[in-house]
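A.B. asks: would you be able to build a 3D model of this:
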Amino acid sequence: MNWFLLGIIIVTVLLIPTAYAGWIGAPYAPTRLAVVHKAFDGLGLDSEDYLVDLGAGDGGIMREAAARGMTTLGYELSPIMWLIAWVRTRRLPRSRLRYQNFYKAKLPEQTTVIFSFLMPTHMTQVFESVARQELPRAHYFLSYAFPVPNTEPALVVREKNCAPLYVYDLAALVSKHQKDA
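C.D. replies: Below you'll find the predicted structure:
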C-alpha cells in the first residue's frame, strides 16, 4: 500500500470528526485557568462536587477540578482532542472522559457543576440540552468567554489576560427554561 495514501486516509478520518466537533460546539481553544481557579475558589467547589465538562478539549478543566477532589466527567467529540485529554486525565481519580456528543448524552444525576467553552451561536442549544436533563443536585452552569443569551449571570468572574467566566444558577436557569417552553 502507498504510505502517502494511507497517511491521507488517516488524516481524513481524524479531521472530519474534528471539523464536525468544531461546527456543532467550538474549535479547540484553551481555557485560561487563572479565571477558573478564581471561580472555583469563589464558589467553594470541592470534593462534594461533580463537574461535567461539555467539550473537554485538552482536559485542563477536568484536571483543575480533580485537583480539588471533584468527580469529573468530560465529553469530547474530536478524536484528536479526545486522545490528548485522555492522556492528560487517564490517571485522575474519580474522572472519566467520553468520546461522545454531549447533546445526545444523559448527564449523571449527581452533577453539581457544568462547564462549557462553546461558541456563542450554540449557547442556546447547549443550555436547552442541559435544561432537559434531570439534575436534582445542580448548582452552577459556568460558561467561559460567552454568556447564555437573554440571561443574566449570577456572577461574572474576571481575571487579567482571561476571558470572563459567566456563572449561572443552574436550577434557576432550568426553571426559567421550563417556564419559557
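A.B. asks: can we go C-alpha only for contacts and neighbour counts from here?
C.D. replies: Fine.
A.B. asks: now the element after the helix or strand hosting Thr72, going C-ward?
C.D. replies: Using DSSP states H and E, Thr72 sits in strand 71-76. Downstream of strand 71-76, the next assigned helix or strand under DSSP H and E is helix 79-89.
A.B. asks: show me what that following helix is packed up against.
C.D. replies: For helix 79-89, the packing partners by 3 or more CA pairs under 8 Å, 6 or more residues apart in numbering; DSSP states H and E come out as helix 3-24, helix 60-67, strand 95-99.
A.B. asks: Thr124 reaches Asn150, doesn't it?
C.D. replies: No: counting by CA atoms under 8 Å, Thr124 does not reach Asn150; the two are 9.3 Å apart.
A.B. asks: between those two, which has more neighbouring residues?
C.D. replies: Thr124 (14 against 7; other CA atoms under 10 Å).
A.B. asks: which pLDDT value belongs to the more buried one?
C.D. replies: For Thr124, the pLDDT comes out at 84.
A.B. asks: over to it: give its phi and psi.
C.D. replies: phi -60, psi -50 (degrees, to the nearest 10).
A.B. asks: contacting residues for it?
C.D. replies: Counting by CA atoms under 8 Å, 6 or more residues apart in numbering, Thr124 touches 148-149.
A.B. asks: Ser175 versus that one, what's the distance?
C.D. replies: 15 Å (CA to CA, to the nearest Å).
A.B. asks: partners of Leu155 in the sheet?
C.D. replies: Val167 (DSSP bridges).
A.B. asks: list the contacts for it?
C.D. replies: So Leu155 contacts 166-168 (CA under 8 Å, 6+ apart).
A.B. asks: go on, His139?
C.D. replies: Applying CA under 8 Å, 6+ apart, we find His139 in contact with 112-113, 169-171.
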